[in-house]
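In: Return atomic coordinates for the entry below.
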Amino acid sequence: MIYLFVTIFLAPLLIAQGLYVRFITPRLPEPQGNRCGSDGSGPILRLLIIGDSAAAGVGVSTQGQALSGQLVTALKSDFLVYWKLLAQTSNTAKDVLANIGMASPEPFDVVVTSVGVNDVTHGTTLNKWIYQKINIIELLQSKFCAQQILLSSLPPMHQFPALPQPLRWYLGLRAERFNMKLKKITGEYGRCEFVSINLPLQSKYMAKDGFHPGALAYSLWANHIAGIIRNRLEVNILMKGKS
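Out: Purely as a prediction, here's the structure:
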């Protein structure tokens, strides 16, 4: 009830600030580079990365500096990584669901998602977003035989330097509510994991727009996810050995 009251009371100011931020914030391009490939040696690991501008690597100049490139780099010493990136600037959960719905079916061992910031900023309701996320999870498991789905949390938007107050506080509050609900429903799916991404937001970690990650932040994100992938695969190997 308090959240609804604040939303209504602050709506004119929040809308004005949102329009202002969109007007003054530079629109950064998606980085150049391959969006699929293979690298490394060892057991085969089939990796899919899906989502929004952060998944696409906006904020750096090449895919090698982005999440996809740095994640493959972090994994290639242990695995032969076959990877694919399906991500685009401005993608909402609805867009991601449509994109994977149109993609050709193929199996993946691990799927990494980054979806939600655009839903927060564009006013998608929490219930609608969760419904779409559930559909994404179920489609990844049925159509792509995903063995491990890592659902990246929304970033701490209440700390984004590009956002003025109270818009920063309000979007941060929405992001926290989205994260709490996503973490709760993730526990209902055995092959899913909610991954908390608490990246530092000092200027050296951020892109010049003050909104997207920079190369250092992508490196931290990629290495965190790589550690989770290794741990999960080791557990799966042990479980198979006991069966």
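In: count of neighbours near Tyr224?
Out: Actually, residue 224 is His rather than Tyr. 18 (other Cβ atoms under 10 Å). C-betas here are computed from N, CA, C, even on glycine.
In: Tell me which residues touch it, please.
Out: By Cβ atoms under 8 Å, 6 or more residues apart in numbering, His224 lies in contact with 195, 197.
In: mind checking how far stretch 119-132 is from the chain centre?
Out: 15 Å (Cα atoms, centre = their mean, to the nearest Å).
In: residues of that stretch that come out buried?
Out: For stretch 119-132, burial by neighbour count (16 or more other Cβ atoms under 10 Å) applies to 119-121, 124, 126, 129-130, 132.
In: Out of those residues, list just those in strands.
Out: Among these, the subset assigned to strands under DSSP state E is empty.
In: helix, strand or coil for the nearest residue in space to Gln159 that is not next to it in sequence?
Out: Leaving aside its chain neighbours, Gln159 sits nearest to Leu201 (4.8 Å; criterion: Cβ to Cβ, 6 or more residues apart in numbering). Under DSSP: H, G, I helix; E, B strand; the rest coil, Leu201 falls in the coil class.
In: Give me the pLDDT for Leu201.
Out: Reading off the confidence values, Leu201 has pLDDT 79.
In: go on, Leu216?
Out: pLDDT, Leu216: 96.
In: tell me which of the buried residues of stretch 119-132 is nearest to Ser90?
Out: Ser90 has its nearest neighbour among the buried residues of stretch 119-132 in Thr121, at 9.8 Å by Cβ to Cβ.
In: Which residue lies closest in space to that closest one, excluding its sequence neighbours?
Out: Leaving aside its sequence neighbours, Thr121 sits nearest to Leu171 (Cβ to Cβ, 6+ apart; 6.5 Å).
In: element containing that neighbour?
Out: Using DSSP states H and E, Leu171 falls within helix 167-186.
In: sorry, back to before: so how far is Thr7 from the residue nearest to Thr121?
Out: Going from Leu171 to Thr7 by Cβ to Cβ, to the nearest Å gives 12 Å.
In: of these two, who's got more company?
Out: A direct count of neighbours by other Cβ under 10 Å for Leu171 and Thr7 places Leu171 higher, at 22 against 14.
In: isn't that one right up against Asn118?
Out: No. The pair Leu171 / Asn118 is not scored as a contact, 11.3 Å apart, by Cβ atoms under 8 Å.
In: Helices of the chain, start to end?
Out: Taking DSSP state H, the helices of the chain run over residues 2-24, 53-56, 67-75, 93-102, 117-122, 126-143, 167-186, 215-242.
In: Just give me the residue closest to the centre of the protein.
Out: Compute the mean C-alpha point of the chain, and by Cα atoms, centre = their mean the closest residue is Ser114, 1.3 Å away.
In: Thanks again, I'm all set now.
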